[in-house]
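Participant: Fold the following and give me the result.
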Amino acid sequence: MREFTTSTKAAADSGARLPAVPFVLDGVQMVCQAPKNAQVAYLVAAASSNRSEQDQVAAVLDFFEQTLDPASLMVFRRRLLNTRDEFDFEDAMRIFEYVCEEWSGSPTGSGGG
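Facilitator: Purely as a prediction, here's the structure:
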């Protein structure tokens, strides 16, 4: 049986890692931690326009589950799932687009927050 071990490349490439992206949601500072390459590949595939709308929504929510720091994720989840809170998926999409712009260095043209 072949055995695999994780790459030591990560230590050498640590300077090339994407930065964390802070943002403010209604006065609360939040942070998306940089994803690793496998997360980016999964997200790109899952959020592809070839996928169903449900798959795209799931991919965006997975993105936040994987990248928000624990304190930010707690607030994000609580607000998104509260039926009396105005924060909704459209707002999450604007944040998602902003964070992707920051990591890619290319604006999506979606506008302000």
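
Participant: Please name the nearest non-neighbouring residue to the residue nearest the centre of the chain.
Facilitator: In the chain, the residue lying closest to the centroid (CA atoms, centre = their mean) is residue 63, at 3.8 Å. Once flanking residues are discounted, residue 63 sits nearest to residue 43: 5.4 Å by CB to CB, 6 or more residues apart in numbering. All C-beta spots, glycine's among them, are computed from the backbone N, C-alpha and C.

Participant: Helix or strand: which one has the one you found?
Facilitator: For residue 43, the element it lies in under DSSP states H and E is helix 37-46.

Participant: mind checking how far the helix or strand just after that helix is from the chain centre?
Facilitator: Using DSSP H and E, the helix or strand that follows helix 37-46 in sequence is helix 53-67. Centroid separation for helix 53-67 versus its chain: 8 Å, with CA atoms, centre = their mean, to the nearest Å.

Participant: For residue 99, give me its contacts.
Facilitator: Contacts for residue 99 (CB atoms under 8 Å, 6 or more residues apart in numbering) come out as 21, 23, 32, 67.

Participant: Neighbour-wise, which one of those residues leads?
Facilitator: Neighbour tally across the contacts of residue 99 (other CB atoms under 10 Å): the maximum, 26 neighbours, falls on residue 32.

Participant: List phi and psi for that residue.
Facilitator: Dihedral angles phi and psi of residue 32 (degrees, to the nearest 10) take the values phi -100, psi 120.

Participant: For residue 26, see how far away residue 85 is.
Facilitator: Counting by CB to CB, to the nearest Å, the gap from residue 85 to residue 26 is 10 Å.

Participant: ugh, wrong one, I meant residue 92
Facilitator: Distance of residue 92 to residue 26, given as CB to CB: 13 Å.

Participant: do the same with residue 39
Facilitator: According to CB to CB, residue 39 and residue 26 sit 26 Å apart.

Participant: These two - which one has more neighbours?
Facilitator: Shown here are residue 39 and residue 26; by other CB under 10 Å, residue 39 has more neighbours (14 against 10).

Participant: By mean pLDDT, point me to the weakest helix or strand of this protein.
Facilitator: Least confident helix or strand of the chain, by mean pLDDT, DSSP states H and E, is helix 9-12 with a mean of 54.

Participant: Thank you, goodbye.
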